[in-house]
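>>> For reference, the sequence and a predicted model appear below.
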Amino acid sequence: MSRVKAPDPLFGERGDAVDATVERIRWLVRLRWGAMAGALLASLLAVVGVAPGVAWPVTSATALLGLAYNAWLHRGLRRRTLAPGPRAALVQALIDLGMLTVFLWSAGGVHCPFIGFYIFHVALIAILGGPRWALLATAAAFTGAGLLAVTNAVPALQIGVWAPTPPFGLVADVVAFVTTVSGAAYIVTHAVNELRDRERALALARDHAALEYQLLSNTLDELEAGLEVVDGDGAVLWRNRRAEELAPFGAVGAHWECPGERRACERDVTGVCPVHAAHEAGAPGRCRFAAKLPTREERARQGPDERVYEMLVFPIDAGDHPRVMNLYVDRTQATLAERQLLLAERLASLGRVAQGVAHELNTPLATIRTLAADMRRALEAVGDALPQDVRVDLDESATLIRDETGRLGRITQALLAGGDLVRATIDDQVPLAAAVERSRAIVSAGSRGGPRVEVDAGVSEHEVAADMDRLVQVLVNLLQNAVDASRAHGGSLVRVHAEARGDEVAVVVTDDGAGLLPEVRGRLFEPFATTKPPGEGTGLGLYTSYMLVDAMGGRLELDDAEGGGARATVTLPRAIRRRRLDVVPSARSSTRAPAATGTDADAGMGASVGAGADATAAGADATAALATDATRDDRLDGAAHAGEAR
């Protein structure tokens, strides 16, 4: 059953893959059918007396043997039982050359006009085998002609003579000339056609290879992974688009340069570039480095972001020319996952430590609060014995101690109860001035002699819907950071002002420090991210403040202030008439804070605090009592102030 050509939808129509050697043998078989028919015709003419000197029994026997051999060969090729080698066609042409010599020997040797058929066979073998086989065929033709000359010279070796009856001698000369020229023309034409077919096949193969290369190159260029091949001499042989972006310092054909030589690179303990190690030891290697490159999504949005790439190096076995393949893989997500896991573990440990600390703080907090209450009663008993300014200052200090110990008591109670530290109890109307003044008093008490905190008079005009304790905690963190930044930069002033923005109120804290550092600008709200020296900052202040503001339905933003310094903006809902309710942090994103990182870290912290909630009942009771005392004192103070007002 013959095979049918099937169109290729990508590369067009392709023919069957035919063995060139088999095709050539089939062509020689067809030529041999004609040659053997001519030999039988010559034998018949000799029998009827046209060429009486021809030894027709020899020509007939040779023709019949050639026909039998040709039939066997044709049958084997058709049934595919023969597997001819690459030189089988040349061997067949040499066999034909030998049979021609036998025919000429029986037809008069060198006197036969068909001796020119040697040219036909030499050209045929030259086309099939090339220059070397052409020389061999020429030598064989000269040998055959020489043997024929010997048979003519030695009568004992002669078996036939060329003596056709007139006018058939002239006819034979013409037929021999025409046949020789026509055969040579046919051989040359066939060779030219075969050469053209090969050129077309070669051109088609080049087109296919170019198209396949283009498809592969375009596919590799669209990958988010970089790929390049480097020669043993260090020359870049090929690279895709992403590799050019990752290592733009070496183009194709130029000397390869490791990206780690210009960027921070994380290598193995040896510190040797993995590409050099792969060239020298033939072993794979890897390293990591950071680069700012645009991905598809980032190109559609704002621009490039810093990514973490891992370069995997694989040696390529190319014989005497060793090569390596560098594969650049984006490991940003894996690195972030590792980092988030590490943060979760640190937060879990911090939560367990915080519970232990909260348990131990209960008793001293209760003692401090009791002593503060005793100090206030002592001040009332002393009365006018102390100067007015001293008595007012001591009374303010005692009140501040009482308020802060009460706030700490509520925090420790939340810790020991396994609750969420950033849960907010929203009050409808929280005077913003009271929260700011309370925060300023706390910061001023801990940093006497530092930069002055100036509060704009317009702050007193605003009320917000927030949790007073949580708002104070946020403002204390922001004011403390502003004071530290101003002090470190030689500044002397921290400003606080507020402004209404529709249904929201923005509290702005501005310092005259150095401003936001570029290396931490994108990590401001990450836990444990700090620019302070070891022992002076935990890196949790801004993170906690961000989560607290988010829990109160607001936003916390940090940017550079006009004229220098940094500016922190807390945006909260304006005061409205509504009942008190508990609000937990949402998964809402912010334009300036990494919401995903913050939410994940907070979830880890909440889980760790909940997991470590194994405080003793005595500790919980003590904290509850402390919080109860704080509430009772607040109510008593409120009643006293109400009586004074009346």
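Received it, and whenever you're ready, just let me know what you need.
>>> For stretch 483-503, give the mean pLDDT please.
The average of the pLDDT scores along stretch 483-503 is 89.
>>> just how off-centre is it within its chain?
The chain centroid and the centroid of stretch 483-503 are separated by 44 Å under C-alpha atoms, centre = their mean, to the nearest Å.
>>> Span of that stretch from start to end?
30 Å (C-alpha to C-alpha, to the nearest Å).
>>> Quick one: residues in contact with it.
Stretch 483-503 is contacted from outside by 432, 436, 440, 443, 447, 450-456, 458-459, 461-462, 479, 482, 505-514, 532, 565-566, 571, 573-574, using C-beta atoms under 8 Å, 6 or more residues apart in numbering. For every residue, glycine as well, the C-beta is placed using N, CA and C.
>>> could you flag which of the residues you listed are buried?
Buried members of these, counted by 16 or more other C-beta atoms under 10 Å: 432, 436, 440, 443, 450-451, 453, 455, 459, 462, 479, 482, 505-514, 565-566, 571, 574.
>>> Out of those residues, list just those in strands.
Among those, DSSP state E puts Val453, Val455, Val505, Ala506, Val507, Val508, Val509, Thr510, Asp511, Ala566, Thr571 in strands.
>>> closest to Leu341 among the residues you listed?
Comparing these against Leu341 with C-beta to C-beta places Ala566 closest, at 30.9 Å.
>>> of the ones in strands among the buried ones among the contacts of stretch 483-503, closest to Leu556?
Checking those against Leu556 with C-beta to C-beta, the nearest one is Thr571 at 7.9 Å.
>>> ok, so what distance separates the closest one from Val505?
Note on Thr571: its distance to Val505, by C-beta to C-beta, to the nearest Å, is 7 Å.
>>> do the same with Val494
In terms of C-beta to C-beta, Val494 sits 19 Å off from Val505.
>>> With Thr530 instead?
29 Å.
>>> Repeat that for Phe103.
Distance from Phe103 to Val505, by C-beta to C-beta: 118 Å.
>>> okay, and the helix or strand of this protein with the least pLDDT?
When the helices and strands of the chain are scored by mean pLDDT, DSSP states H and E, helix 595-611 comes last with a mean of 34.
>>> Could you export stretch 167-178 as CSV, keeping only the C-alpha atoms?
The C-alpha trace of stretch 167-178 is given here as CSV (Å, rounded to 0.1, in the frame of the first residue of the first chain):
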residue,chain,number,x,y,z
PRO,A,167,24.9,-0.1,-45.7
PHE,A,168,24.3,-1.2,-42.1
GLY,A,169,27.8,-0.2,-41.1
LEU,A,170,27.1,3.5,-41.7
VAL,A,171,23.7,3.1,-40.0
ALA,A,172,25.4,1.5,-37.0
ASP,A,173,27.9,4.4,-36.8
VAL,A,174,25.1,7.0,-36.9
VAL,A,175,23.0,5.0,-34.3
ALA,A,176,26.1,4.7,-32.0
PHE,A,177,26.8,8.5,-32.3
VAL,A,178,23.2,9.5,-31.7
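>>> Output the longest helix belonging to this protein.
If you go by DSSP state H, the chain has its longest helix at helix 168-221.
>>> Which other helices and strands does that one contact?
helix 117-129 (3 or more C-beta pairs under 8 Å, 6 or more residues apart in numbering; DSSP states H and E).
>>> Convert the helix it packs on to PDB, retaining C-alpha atoms only.
Coordinates of the C-alpha atoms in helix 117-129 are reproduced here as PDB (Å, rounded to 0.1, in the frame of the first residue of the first chain):
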ATOM      1  CA  PHE A 117      29.300   4.000 -24.500                       C
ATOM      2  CA  TYR A 118      32.200   4.100 -22.100                       C
ATOM      3  CA  ILE A 119      31.700   7.900 -21.900                       C
ATOM      4  CA  PHE A 120      28.100   7.300 -20.900                       C
ATOM      5  CA  HIS A 121      29.100   5.000 -18.000                       C
ATOM      6  CA  VAL A 122      32.000   7.200 -16.800                       C
ATOM      7  CA  ALA A 123      29.600  10.200 -16.700                       C
ATOM      8  CA  LEU A 124      27.000   8.200 -14.900                       C
ATOM      9  CA  ILE A 125      29.400   7.000 -12.200                       C
ATOM     10  CA  ALA A 126      30.900  10.500 -11.800                       C
ATOM     11  CA  ILE A 127      27.400  11.900 -11.100                       C
ATOM     12  CA  LEU A 128      26.600   9.200  -8.600                       C
ATOM     13  CA  GLY A 129      29.900   9.100  -6.700                       C
END
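>>> in that helix, what's buried?
Those would be Phe117, Tyr118, Phe120, His121, Val122, Ala123, Leu124, Ile125, Ala126, Ile127, Leu128, Gly129, for helix 117-129 by 16+ other C-beta under 10 Å.
>>> And whatever helix or strand comes next after that helix, how far out from the chain middle?
Helices and strands here follow DSSP states H and E; after helix 117-129, the next one along the chain is helix 131-153. Counting by C-alpha atoms, centre = their mean, helix 131-153 is centred 69 Å from the centre of its parent chain.
>>> Next, the angle helix 117-129 makes with helix 131-153.
160 degrees (axes from the mean of the first three to the mean of the last three C-alpha atoms, to 10 degrees).
>>> Please report the distance of the nearest residue to Ala42 once chain neighbours are set aside from Thr363.
Once flanking residues are discounted, Ala42 sits nearest to Thr59: 5.9 Å by C-beta to C-beta, 6 or more residues apart in numbering. Relative to Thr363, Thr59 is positioned 132 Å away (C-beta to C-beta).
>>> so where's the stretch 51-200 of the chain uncertain?
Counting by pLDDT under 70, the stretch 51-200 of the chain has low-confidence residues at 86.
>>> In the stretch 301-450 of the chain, where is pLDDT below threshold?
For the stretch 301-450 of the chain, applying pLDDT under 70 flags the ranges 301-305, 318-319, 347, 350-351, 354-355, 358-359, 413-423, 446-449.
>>> For the protein, which strand extends over the most residues?
Under DSSP E, the chain gives strand 305-316 as its longest strand.
>>> pull the CA atoms of that one into PDB?
The C-alpha trace of strand 305-316 is given here as PDB (Å, rounded to 0.1, in the frame of the first residue of the first chain):
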ATOM      1  CA  ASP A 305       9.500  46.300  41.200                       C
ATOM      2  CA  GLU A 306      12.500  44.500  42.800                       C
ATOM      3  CA  ARG A 307      12.500  40.800  42.200                       C
ATOM      4  CA  VAL A 308      14.700  38.000  43.500                       C
ATOM      5  CA  TYR A 309      16.200  35.700  40.800                       C
ATOM      6  CA  GLU A 310      18.000  32.500  41.100                       C
ATOM      7  CA  MET A 311      20.600  31.600  38.400                       C
ATOM      8  CA  LEU A 312      20.800  27.800  37.800                       C
ATOM      9  CA  VAL A 313      23.900  26.700  35.900                       C
ATOM     10  CA  PHE A 314      24.000  23.400  33.900                       C
ATOM     11  CA  PRO A 315      27.000  22.200  32.000                       C
ATOM     12  CA  ILE A 316      26.400  21.100  28.400                       C
END
